[in-house]
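**Student:** build me a model:
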Amino acid sequence: MHPIAFLALALLSANTAAGSEKFGKWAVSIDIDPITDDVSTLLLSSPGEKGNSIGFECFKGEKQYTIRSNRIFSAKNTNANIDFRIDKREPGSVAGSLPTYKKIAFTDFTQAQIFLLVHQMKRGNHLYIKARSTYSDGYLADKISLQGFSKAYKRWSSVCTVK
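**Tutor:** Modelled structure (predicted):
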């Protein structure tokens with residue numbers, strides 16, 4: 001076989017994804033770059049009642065917490081206010097930004113707030129979210145199931161480490 005044809009065949013058949021695992025209403029995807037061996041992981045909820053998801057992303061040990069909208073939410077590179085509540089616990093609020101039209105990144109979380117949120121999510125049944133754009137009157141609201149979150153988060157955080 002010609003070396004270039006062999007290389008093309010190898011590139012077409014290369015699998016960069018190590019796989020995806022399902023935990024109740026949550027899934028953990030693990031991708032490994034075949035050139036750099038950098039690992040990226042995504043912990044993603046099943047879509048809520050209105051089609052939005054919550055994502056926990058990790059690349060080279062850097063974590064990002066996001067809401068993924070099923071529609072264009074607002075102009076990208078703008079800000080948002082995010083309100084959330086787990087079951088009937090005390091509501092919380094955090095600032096966010098929109099790196100894309102359909103993704104809102106939680107930007108103003110301290111480690112203590114993240115720890116508390118994750119702790120409550122592990123013990124809860126539903127996460128309610130409402131995000132409002134500071135650019136327009138647009139907002140999104142949804143109810144996300146937490147079934148399987150505890151096991152999924154444990155798996156995700158075991159892979160999300162600094163190389």
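**Student:** next structured bit after the helix or strand containing Phe84?
**Tutor:** Phe84 is part of strand 79-86, with elements assigned from DSSP states H and E. Per DSSP H and E, the first helix or strand lying C-terminal to strand 79-86 is strand 92-100.
**Student:** pLDDT on that next one, on average?
**Tutor:** For strand 92-100, the mean pLDDT works out to 77.
**Student:** what's whichever helix or strand comes after that strand in contact with?
**Tutor:** Note on strand 92-100: by DSSP H and E, the next helix or strand toward the C-terminus is strand 103-106. Contacting residues not belonging to strand 103-106 are listed as 55, 64-69, 73, 80, 82, 94-99, 131 [Cβ atoms under 8 Å, 6 or more residues apart in numbering]. Every C-beta, even on glycine, is put in place using the N, C-alpha and C of the backbone.
**Student:** which residue is nearest the centroid of this protein?
**Tutor:** Gly55 (1.4 Å; Cα atoms, centre = their mean).
**Student:** distance of that one relative to Ile35?
**Tutor:** Remark: distance between Gly55 and Ile35 (Cβ to Cβ, to the nearest Å) = 25 Å.
**Student:** what mean pLDDT does stretch 65-82 have?
**Tutor:** 70.
**Student:** quick one: end-to-end length of that stretch, please.
**Tutor:** In terms of Cα to Cα, to the nearest Å, the two terminal residues of stretch 65-82 are separated by 12 Å.
**Student:** check stretch 122-138 too.
**Tutor:** Note: stretch 122-138 ends 30 Å apart using Cα to Cα.
**Student:** returning to that earlier point: the one helix or strand the residue nearest to the centre of the chain maps to packs against which elements?
**Tutor:** For Gly55, the host element (DSSP H and E) is strand 53-59. For strand 53-59, the packing partners by 3 or more Cβ pairs under 8 Å, 6 or more residues apart in numbering; DSSP states H and E come out as strand 39-45, strand 62-68, helix 149-159.
**Student:** list the neighbouring strands of it plus their orientation.
**Tutor:** Here strand 53-59 has these sheet partners by DSSP bridges: strand 39-45 (antiparallel), strand 62-68 (antiparallel).
**Student:** excluding chain neighbours, give the residue nearest to Arg68 in space.
**Tutor:** Ser53 (4.5 Å; Cβ to Cβ, 6 or more residues apart in numbering).
**Student:** helices and strands of this structure: which one has the lowest mean pLDDT?
**Tutor:** Taking mean pLDDT, DSSP states H and E as the measure, the chain has helix 3-13 as its least confident helix or strand, at a mean of 32.
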